[in-house]
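In: Got a sequence here, can you build the structure:
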Amino acid sequence: MSARTMQAHPAGEHEAATAIQHGGSGMPTALLGMLLFIASEVMFFGGLFATYFNARATTPGPWGPPEGAHELDLALAGALTVILVASSFTMQFGVWAIRRGDTGKLKMWTGITLVLGVLFLMGQLYDYSELGFGIADGVFGTTFYTLTGFHGAHVFGGAVGLTIILARALRGQFSAKNHVAVEAVSMYWHFVDVVWIGVFSTIYLLR
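Out: Residues are numbered from 1 along each chain as shown. Just a heads-up that it's a prediction; the model follows:
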C-alpha cells in the first residue's frame, strides 16, 4: 500500500465516490486495487499459517517457547486484541462519518484509530522484550516471530496509511462525495484486524 495510492488525484477520487453514491456500475479503481492487494495478502498469510501448523505437527516434543524462556503472555495478547478490534470499530465510525459529510468526526475517529494502532505496536514490542527467546531459538521461535512480525509490519503499514488519511482530512480534502481513499484504508485496516484474530487464536489459544 503506497503513499501514492493514498494520495490519489482528488478529481478521480471524486468521480469514483460519485459513482458509489449514485449506484454507478463498476467499482472504483482504488477499491478494486485494494481488494486485489488484500487477496494477495490472504494467500501470503495463508502460507504462513500453513507453515506454522506443519511445523507444529512435525516437531517432536512439547510445542512452545524454548526451555528457560518466559511463557507467552496471554493477558497482554488479549489486551492487544481488544485494542485492535476496537480500532476496527473506530475506523468504521470514521467511514460512516465522511459518508455523511462529517469531516470533523472523520478526523476524530481516524486519529483515535491511529493512536490505537500505535498502542498495539508498542504493546507488541514490549511483549517481544519480555519473552526471553528470539527468532533463532528453535522452530517455535522462528514461526512465532515470523507470524507476529509480519503482522506487525502490516499494522505499521496501516498506521502510515492512517497518518496520510488524517493529514489529508486536516487539509479538507475529503467530503461525502470524495473519500475513496478513506474507504480503501478502512478495508485494509479491517483485514489487518481479522488476520490478528487468526494469529491470536492460533498461537495463544490453540496451544
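In: Report the contact partners of L116.
Out: 83-84, 86-87, 90 (CB atoms under 8 Å, 6 or more residues apart in numbering). (Glycine included, C-beta is placed from N, CA and C.)
In: out of those, which is most surrounded?
Out: Neighbour counts for the contacts of L116 (other CB atoms under 10 Å) peak at S87, which has 28 neighbours.
In: do you know how far it is from P62?
Out: Separation of S87 from P62 (CB to CB, to the nearest Å) stands at 34 Å.
In: Next, the buried residues of the helix or strand where A153 lies.
Out: For A153, the element it lies in under DSSP states H and E is helix 138-170. Residues of helix 138-170 classed as buried: 138, 140-145, 147-148, 150-152, 154-155, 158-166, 168-169 (neighbour count, 16 or more other CB atoms under 10 Å).
In: Over to stretch 91-111?
Out: For stretch 91-111, the neighbour count (16+ other CB under 10 Å) marks 91, 93-95, 97-99, 103, 106-111 as buried.
In: for stretch 139-148, the distance to its chain's centre please.
Out: Stretch 139-148 sits 19 Å away from the centroid of its parent chain (CA atoms, centre = their mean, to the nearest Å).
In: And for it, what's in contact with it?
Out: Stretch 139-148 has contacts (CB under 8 Å, 6+ apart) with 48-49, 51-52, 55-56, 59, 63-66, 124, 128, 133-136, 199, 202-203.
In: make it 10 Å
Out: Stretch 139-148 is contacted from outside by 45, 48-49, 51-56, 58-59, 61-66, 69, 72, 77, 124, 127-128, 131, 133-138, 152, 195-196, 198-200, 202-203, 207, using CB atoms under 10 Å, 6 or more residues apart in numbering.
In: Check stretch 102-112 too.
Out: When contacts are defined by CB under 10 Å, 6+ apart, stretch 102-112 is touched by residues 86-87, 89-100, 162-163, 165-170, 172-176, 179, 182, 185-186.
In: M27 belongs to a strand?
Out: No - counting by DSSP: H, G, I helix; E, B strand; the rest coil, M27 is not found in a strand; it is coil.
In: Counting neighbours, what do you get for the nearest residue to it once chain neighbours are set aside?
Out: Distances taken as CB to CB, 6 or more residues apart in numbering place L35 nearest to M27, at 7.7 Å, with adjacent residues excluded. Look at L35: counted by other CB under 10 Å, it has 14 neighbours.
In: Let me see the contact set for L35.
Out: Listed by CB under 10 Å, 6+ apart, the contact set of L35 reads 27, 184, 187, 191.
In: Hmm, G161 and the last one touching each other?
Out: No - between F191 and G161 there is no contact, the gap being 11.6 Å when judged by CB atoms under 10 Å.
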